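Student: I need the structure of the sequence given here:
(one chain, ligands or ions: 1)
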Amino acid sequence: MGWNSWNRFACHVNEALIRSAADAMVSTGMRDAGYGYIVIDDCWQGVRDAKGFMVPDAKKFPSGIKALADYVHAKGLKFGIYSDAGTKTCGGFPGSHGYELQDAQRYAEWGVDYLKYDWCNTDNQDAQASYLTMSKALQASGRPIVFSLCEWGNAKPWLWAQNIGNLWRTTGDIADRWDGMDPNGYSMGLLKIVDMQAGLEPYAGPGHWNDPDMLEVGNGGMTDNEYRAHFSLWAMFAAPLIAGNDLTAMSPHTREILLNKEVIAVDQDSLGVAASRVWKEGDAEVWARPLKGGGRAVVLLNRGPTPRQIGVTWEQLRYPDHLVAKLRDLWRHKDTGTASAGTSIVVGGHAVVMLTISP
Ligand code: GLA
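Tutor: The predicted structure follows:
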């Protein structure tokens, strides 16, 4: 769990912005809710020095990266940075290809705790080999650094990256919209990304997670109900919860979503089993994941614009019909009674109901 600069600020990063994000992470209560990492995405880089070491852009980061990492650490947070496996990053800055050891060494010296490693400008490089090279370089640096593979799922990293990194993107970039494609023709709406997670659940587990990209909650392109659906589904996927909004200017609704501790608890459940889509009929879907202790988390998803009744059966949850279980609504923060055999609830348009079901 953390925050990354890209979704809201793209290339407009500088040390004041990153410091203010760290400040806000603490003052909003997000750190105490579990958000631990502050990650600078692309565009922090300057040029390499004569020895091949990366130097940050001196205008954007006049105090240097080490001082910034120290600042973030002093807030009780961890610090992350971004590079690319190719010759250049997606933003056109120097990539790490051929400089993996120098870069990993420098990150360790700076106090970096997390590396997001992108896949632009990689020509005919082999994905597995390229990510393994950086993984080994990070290990050789002597500092534990979480390794985030941002390969967009092209080479199916879920099949080979378990021992290379800690999380891997499963798709191209998210767009701040419910469905369809961004006009740029590249980034995808929420439902497109959701559909691409179905079937990947066996590959997620403690220490190696599917990453359906960072959160758009609070960035303005979706309604609050749509953002609740976004946050709920990411928790069901056991996905990294990387906020991508401006933490210094959150609406009360955005805050309430990102700080919903009951939904966060599902995301972080120690069993670490990601949800399966157990039922789908047109715009209505049921996603379910087992929780430690025998309970289930369930999301009833209404993809369509008008309210509809959506049911879940105990059979879908692998419970016997006679089992009596308690229901709790994680957005209303209410126990809503008991049921056996199944339950059925009206779900608003472009919305979810998220429940825990506990025997
Ligand atoms: C790619 C990644 C994004 C972001 C940008 C930065 O598109 O998938 O998450 O890091 O590059 O340029």
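Student: could you give the mean pLDDT of the one helix or strand Ala21 maps to?
Tutor: Using DSSP states H and E, Ala21 sits in helix 15-27. Helix 15-27 shows a mean pLDDT of 98.
Student: again with stretch 233-248
Tutor: Averaging pLDDT along stretch 233-248 gives 98.
Student: and it, which residues are buried?
Tutor: Residues of stretch 233-248 classed as buried by neighbour count (16 or more other CB atoms under 10 Å): 233-247. All C-beta spots, glycine's among them, are computed from the backbone N, C-alpha and C.
Student: cool, stretch 314-326 as well?
Tutor: 314, 316-317, 319, 325.
Student: Leu200: which of the residues you listed is nearest?
Tutor: Each of the buried residues of stretch 314-326 was scored against Leu200 by CB to CB, and Gln316 proved nearest at 19.0 Å.
Student: Confirm Gly165 sits in a strand?
Tutor: No: using DSSP: H, G, I helix; E, B strand; the rest coil, the assignment for Gly165 is coil, not a strand.
Student: and the residue of the stretch 51-200 of the chain nearest the ligand?
Tutor: Closest residue of the stretch 51-200 of the chain to the ligand, CB to the nearest ligand atom: Cys90 (3.2 Å).
Student: so who does that residue touch?
Tutor: Counting by CB atoms under 8 Å, 6 or more residues apart in numbering, Cys90 touches 42, 84, 118, 120-121.
Student: Let me have the residues you listed in JSON lines, extended by secondary structure.
Tutor: Below are the contacts of Cys90 laid out as JSON lines (three-state DSSP):
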{"residue": "Asp42", "secondary structure": "coil"}
{"residue": "Asp84", "secondary structure": "strand"}
{"residue": "Asp118", "secondary structure": "strand"}
{"residue": "Cys120", "secondary structure": "coil"}
{"residue": "Asn121", "secondary structure": "coil"}
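Student: Just the buried ones from these, in PyMOL syntax?
Tutor: Per 16+ other CB under 10 Å, the buried members of the contacts of Cys90 correspond to this PyMOL selection:
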select buried, resi 42+84+118+120+121
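Student: filter the contacts of Cys90 down to the ones near the ligand?
Tutor: Checking the contacts of Cys90 against the ligand by CB under 6 Å from any ligand atom, the ones in range are 42, 118.
Student: I'd like the contacts of Cys90 written out as CSV, with pLDDT added.
Tutor: Formatted as CSV, these follow (pLDDT from 0 to 100):
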residue, pLDDT
Asp42, 98
Asp84, 99
Asp118, 99
Cys120, 98
Asn121, 98
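Student: ok, now how distant is His208 from Gly294?
Tutor: Look at His208 and Gly294: by CB to CB, to the nearest Å, they are 24 Å apart.
Student: no no, Asn302
Tutor: 28 Å.
Student: sorry, back to before: mind giving me the packing neighbours of the helix holding Ala21?
Tutor: Counting contacts by 3 or more CB pairs under 8 Å, 6 or more residues apart in numbering; DSSP states H and E, helix 15-27 is packed against strand 37-39, helix 64-74.
Student: Get me the contact residues on the stretch 51-200 of the chain for the ligand.
Tutor: Counting by CB under 6 Å from any ligand atom, the stretch 51-200 of the chain comes close to the ligand at 89-91, 118, 150, 173.
Student: Sort out for me which of these are in strands.
Tutor: Counting by DSSP state E, those place Asp118 in strands.
Student: Could you single out the nearest of the residues of the stretch 51-200 of the chain next to the ligand to Leu200?
Tutor: Taking those together and measuring to Leu200 by CB to CB, the closest member is Cys150, at 16.0 Å.
Student: Can you report how many residues lie near the closest one?
Tutor: 26 (other CB atoms under 10 Å).
Student: Not counting residues beside it along the chain, what's closest to it?
Tutor: Asp118 (4.5 Å; CB to CB, 6 or more residues apart in numbering).
Student: Surely that neighbour touches Thr89?
Tutor: Yes: the criterion here is CB atoms under 8 Å, and Asp118 meets it with Thr89 at 6.0 Å.
Student: Find residues that contact each of these two.
Tutor: In contact with both Asp118 and Thr89: 42, 82-83, using CB under 8 Å, 6+ apart.
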